[in-house]
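*Asks:* Sequence and computational prediction follow.
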Amino acid sequence: MSLRYLDALEYCDGDVCVAPIALRVPPARTGAMARRDALVKRSTDIILALAALALLALPMLLAAAAIRLTSRGPAVFSQERIGLNGRPFRMLKFRTMRHQADAPPCRQATRHDPRVTWFGALLRHTSFDELPQLLNVLAGSMSLVGPRPHAPGTCVAGRPFEAITSRYAARHCVKPGMTGLAQVRGWRGETDTEDKLIHRLESDLEYIATWSPGRDLLIIGRTLVEVLRMRNAY
């Protein structure tokens, strides 16, 4: 049963019976991680983020220099996103748009977005613009794997994400991630319809309910494959 139908049940006056077997989100975990699980996940984040930074430090420095040389403005910018327990944090990215184009009010990037520079388009197509978030991971505001963080007030069809379904806030019981189950399933890019948001949210809640260290490693591996394929990245 999709989240859309579960939301609809809130407005029913009579008694409703829902068979557990129909639920698409497993009930294994519905809240914050146990202390031991959180420690394992944090340790994995630190080890892998440090290894990635050691490997990618030089390419990242070259990318930063190229951004400064090809367009006006800083190489890296930060943008407010919603994090663990709904608290805001500043997420880092390589700047891919013309300076000031990322200023509030925030709106989602679209395919062939005119705000994106030619070098920024290359960074987006390869997902290289996301690499500064490794610093967010080391700082503890993000994880390598988790629901992708959204900017406050992001809308679809004129409605804020949190107004689409009452279960939206449940994705904030874990740290947001650089990648996630929704992304490796193909739900990335612009969220321009309610159905896309629902599909992403279902994957996010499934990830939270079924988390394991092995699944994190599997998602990271699948992410690397998707990055090499460069599909639906803009």
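*Replies:* That came in fine, so what should we check first?

*Asks:* Bridging across strands, which residues link to the nearest residue to residue 88 once chain neighbours are set aside?
*Replies:* Taking C-beta to C-beta, 6 or more residues apart in numbering as the measure, residue 88 lies nearest to residue 80, with 5.2 Å between them; neighbours along the chain are not counted. No exception for glycine: its C-beta is placed from N, CA and C like everyone else's. On the basis of DSSP bridges, residue 80 takes part in beta bridges with residue 90.

*Asks:* Now do the contacts for residue 80.
*Replies:* When contacts are counted by C-beta atoms under 8 Å, 6 or more residues apart in numbering, residue 80 is found next to 88, 89, 90, 91, 151, 152.

*Asks:* how far does stretch 187-199 sit from the chain's center?
*Replies:* How far stretch 187-199 lies from its chain's middle: 12 Å, per C-alpha atoms, centre = their mean, to the nearest Å.

*Asks:* buried set for that stretch?
*Replies:* In terms of neighbour count (16 or more other C-beta atoms under 10 Å), stretch 187-199 has its buried residues at 187, 188, 189, 191, 196, 197, 198, 199.

*Asks:* Now render these as JSON lines, adding distance to residue 164.
*Replies:* Formatted as JSON lines, these follow (distance: C-beta to C-beta, whole Å):
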{"residue": "187", "distance to residue 164": "15"}
{"residue": "188", "distance to residue 164": "18"}
{"residue": "189", "distance to residue 164": "18"}
{"residue": "191", "distance to residue 164": "10"}
{"residue": "196", "distance to residue 164": "10"}
{"residue": "197", "distance to residue 164": "6"}
{"residue": "198", "distance to residue 164": "7"}
{"residue": "199", "distance to residue 164": "12"}
